[in-house]
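> After the sequence you'll find the predicted model.
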Protein chains: 2
Amino acid sequence: MKNRYCIIMAGGIGSRFWPMSRSAHPKQFIDMLGTGKTLLQQTYERFQKICPKGNIYIVTNESYKELVIKQIPELALDNILGEPVRRNTAPCIAYATYKIRKKNPDANIIVAPSDHLITKEDAFAEAVNIALNFTDNHDCLLSLGIRPSRPDTGYGYIQFIANKNSDEQICKVKAFTEKPDIELAKFFLQSEEFLWNSGIFIWNMKSIDEAFKKYMPELHIIFSEGSSHYFTDTETEFIKEAYAQSTNISIDYGVMEKANNVYVIAADIGWTDLGTWGSQYEHSLKDDNGNAIVGNNVMIYDSHDNVVNVPKNKLVVLQGLDDYIVVESDNILLICRKHDEQQIRQFVSDVKKNKGDKFI
Amino acid sequence: MKNRYCIIMAGGIGSRFWPMSRSAHPKQFIDMLGTGKTLLQQTYERFQKICPKGNIYIVTNESYKELVIKQIPELALDNILGEPVRRNTAPCIAYATYKIRKKNPDANIIVAPSDHLITKEDAFAEAVNIALNFTDNHDCLLSLGIRPSRPDTGYGYIQFIANKNSDEQICKVKAFTEKPDIELAKFFLQSEEFLWNSGIFIWNMKSIDEAFKKYMPELHIIFSEGSSHYFTDTETEFIKEAYAQSTNISIDYGVMEKANNVYVIAADIGWTDLGTWGSQYEHSLKDDNGNAIVGNNVMIYDSHDNVVNVPKNKLVVLQGLDDYIVVESDNILLICRKHDEQQIRQFVSDVKKNKGDKFI
């Protein structure tokens, strides 16, 4: 147990959740479902059952450090890693990995995003325990895969090689496929050889170190050479320089798709990446008319199947709306058809162009 | 000219314009059309061309006196009449009439609501001049009538007796009809014998005094006996008592429908009572997609024929909405189908019941 470590990645912007998720206050720091806890707080609590509290590290943008401190006051400052710029997941994971290595070269690590929803906490803990026990004595890079329930075109897929004559949960990975078109997604669903890529990874220090060395040698050199700076006053300065030299690349593209010791564990954990209002809607409590409402003063007339998320103190009267997203946050109001929500990124881009950064 | 007086009635609540119009700040005090001037300010300016500034009196609720002073700072305090309670138009007009009588028993008076829109200001001035010249030497109660352009079921109608062999604009009134059903309204429109009742009245002091004496003798006694108090320190105290004794009744019902010397002048003045969002929509500038927008930061996608009225600094992104009312005011948001706007009164009533007075 003492060798178990967790890296929570909390540096994203979440622009598909605009205007609720803003660059100054992204969705991981928001109580998106009105449960009383932010997604980051939920994620942090989830991992307290997996590893010692002091072994949980959160990587976030420098500008969000204060938010992390505020939301998880018990976390040691050494465990909050600030990124000076956004460089996708590979540098983020490399930074945390080599910082942890200084403390414990025998670490057995789980890496996870901070903004996903997992409703079956027990099943999650069970799957992660199996995974960590496996990586504890196997040289492999293990993904956590979700059995698909629909032909979703927004997720990445992992094709696995079934273990013949075995009900072993952990299988060798054959291929990764990013967001397929709908026909391909339907085929994936039907074939039962594909899982959704949850973005959660499990591996031991030796395996991920070897993988960085082999597939991203520059990144390996940059962050492993920082060992003398980690947990010292010069860490921030060193990291600024290190990120300036790092390329913007995901761990999937940089490592997972290239390595040949990649495995996946299939899990049924009530997972969603809460990437869109639509996926939030699916996982929210609804009233008798199918409206998923966050807000204390929302009055609904003749309206069905809407996502409503407004400030607690705001009075909102809705009449005659079906299948809409109605979101207000920090003096921005968005009303948009639910099935057109992919346009939100365009709205954000237009807002930035026409109105400047203050609304982004 | 010096005998000409104007009474502007500015005590209404405008609940059909909720949440823009609030009991603490009704629509007459709002720049409903985004022109830069409130409806009251527009009304006041309109009458400056009709009579001397000092002869304009504004009757409003006590609680709105500060709003009147703020919006029309040049108005003498003596010319702002505060009503302690709402008692409809008859007591309001009686109070102003007998107060003016103390100053000028030869007054020739026009009475008008403060919250109507009149787009043809010159035609209005011309009609009012004809009307005031007529009442200056005729004992009559003159209504200003609007030739109907559609079978509106929300207005009162005035049936007139056409002047045979004459193109005289002023005709004797045969009957008043309050809000007809749609079939009747269509008949009225077709018959060309009916005008909309604008709620604007013109008469001389002697005629209205006689009418009050005859048809509302109690009201006559109450307010004519106050003569010693008007323009003195005891006026407020007296009026409080006077209103406590007055019944809640409109001038139409209390006087106009009973008198037999009622006339109407037909005018084409670009009039609307702006009683509803729909009527505001009709009179607003629209974008190429038929959206009438008040607000500086409203971005519209794939949306048509909406009424949008939001605070200047608010960023609003609308997508996929047709024929809706989207109004935000003072932390209240209303989204409602345009053709269901008659339900707004019900919303206000429900809000009052469920959330209390603070949102009304």
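Yep, it's here. These figures come from a predicted structure and were not determined experimentally.

> Show residues contacting stretch A:121-137.
Here stretch A:121-137 makes contact (CB atoms under 8 Å, 6 or more residues apart in numbering or on different chains) with A:3-4, A:46, A:49-50, A:108, A:110, A:118, A:140, A:142, A:144, A:169-170, A:202-204, A:207, A:263, A:265, A:267-271. In this view, the C-beta of every residue, glycine as well, is placed from N, C-alpha and C.

> Any residues of chain A in contact with chain B? List them.
Within chain A, the positions adjacent to chain B are A:19, A:297, A:299, A:301-302, A:310, A:313-321, A:324, A:326, A:328, A:331-337, A:340, A:343, A:347, A:350-351, A:354-355, A:359 by CB under 8 Å from any CB of the partner chain.

> circling back: mark which of the contacts of stretch A:121-137 are buried, thanks.
Among those, those classed as buried by neighbour count (16 or more other CB atoms under 10 Å in any protein chain shown) are A:3-4, A:46, A:50, A:108, A:110, A:118, A:140, A:142, A:144, A:169-170, A:202-204, A:207, A:263, A:265, A:267, A:269, A:271.

> Looking at those, which are in strands?
A:4, A:108, A:110, A:118, A:142, A:144, A:170, A:202-204, A:263, A:265, A:267, A:271 (DSSP state E).

> Counting neighbours, which bits of stretch A:298-309 end up buried?
A:298, A:299, A:300, A:301, A:303, A:304, A:306, A:307, A:308, A:309.

> Next: stretch A:150-169.
A:151, A:152, A:155, A:156, A:157, A:158, A:159, A:160, A:169.

> Nearest to chain B, out of those residues: which one, please.
Here the nearest of those to chain B, counting by CB to the nearest CB, is residue A:152; it sits at 22.4 Å.

> Pull the contacting residues for the closest one.
When contacts are counted by CB under 8 Å, 6+ apart, residue A:152 touches A:185, A:196.

> related to what we said a few turns ago, which one of the buried residues of stretch A:150-169 is nearest residue A:77?
Nearest to residue A:77 among the buried residues of stretch A:150-169, counting by CB to CB, is residue A:156 at 33.7 Å.

> hang on, isn't that closest one packed against residue A:194?
No. The pair residue A:156 / residue A:194 is not scored as a contact, 10.1 Å apart, by CB atoms under 8 Å.

> joint contacts of the two?
Both residue A:156 and residue A:194 are in contact with residue A:177, where contact means CB under 8 Å, 6+ apart.

> what about residue A:95, how many neighbours?
Around residue A:95 there are 27 other residues, counting by other CB atoms under 10 Å in any protein chain shown.

> does it sit in a helix, a strand or a coil?
Secondary structure, DSSP: H, G, I helix; E, B strand; the rest coil: residue A:95 is helix.

> Correct me if wrong: it contacts residue A:83.
Yes. Using CB under 8 Å, residue A:95 makes contact with residue A:83 at a distance of 7.3 Å.

> Name the residues contacting each of those two.
A:59, A:239.

> Might one say that residue A:2 is in contact with residue A:103?
No. Residue A:2 is not in contact with residue A:103 according to CB under 8 Å; the separation is 11.0 Å.

> before we move on, back to that, next step: the buried residues of stretch A:298-309 restricted to helices.
In this view, the buried residues of stretch A:298-309 have no member that belongs to helices under DSSP state H.

> Tell me who's in contact with the residue nearest to residue A:246 when sequence neighbours are not counted.
The shortest distance from residue A:246 to any non-neighbouring residue, by CB to CB, 6 or more residues apart in numbering or on different chains, is to residue A:91 (4.1 Å). Applying CB under 8 Å, 6+ apart to residue A:91 gives the contacts A:83, A:219, A:223, A:242, A:243, A:246, A:247, A:248, A:249.

> hmm, try it at 7 Å
Neighbour list for residue A:91: A:219, A:243, A:246 [criterion: CB atoms under 7 Å, 6 or more residues apart in numbering or on different chains].

> okay if I get those as CSV plus neighbour count?
Output for the contacts of residue A:91, formatted as CSV (neighbours: other CB atoms under 10 Å in any protein chain shown):
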residue, neighbour count
A:219, 26
A:243, 20
A:246, 23
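
> burial count for residue A:356?
Applying other CB under 10 Å, we find 9 residues neighbouring residue A:356.

> So for the lowest-mean-pLDDT helix or strand in chain A, what gets flagged as buried?
Lowest on mean pLDDT, DSSP states H and E among the helices and strands of chain A sits helix A:277-282, with a mean of 82. Neighbour-count burial for helix A:277-282, counted by 16+ other CB under 10 Å, picks out A:277, A:279, A:280, A:281, A:282.

> Format those as CSV; extra columns: distance to residue A:54.
Formatted as CSV, those follow (distance: CB to CB, whole Å):
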residue, distance to residue A:54
A:277, 36
A:279, 33
A:280, 32
A:281, 37
A:282, 36
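
> and the two most separated of these?
A:277 and A:282 (9.9 Å).

> Might you name the residue of the stretch 51-200 of chain A sitting closest to chain B?
Counting by CB to the nearest CB, the stretch 51-200 of chain A gets nearest chain B through residue A:154, at 19.1 Å.

> What score does that residue have for pLDDT?
For residue A:154, the model assigns a pLDDT of 81.

> Was I right to think it contacts residue A:273?
No. If you go by CB atoms under 7 Å, residue A:154 and residue A:273 don't touch, sitting 8.3 Å apart.

> Contact partners for the residue of the stretch 51-200 of chain A closest to chain B?
A:179, A:275 are the contacts of residue A:154 under CB under 7 Å, 6+ apart.

> so it is in which element?
Element membership for residue A:154, per DSSP states H and E: none, as it lies in no helix or strand.

> same deal with residue A:148?
Counting by DSSP H and E, residue A:148 is found in no helix or strand.

> contacting residues around it?
So residue A:148 contacts A:188, A:189, A:194, A:195, A:196 (CB under 7 Å, 6+ apart).
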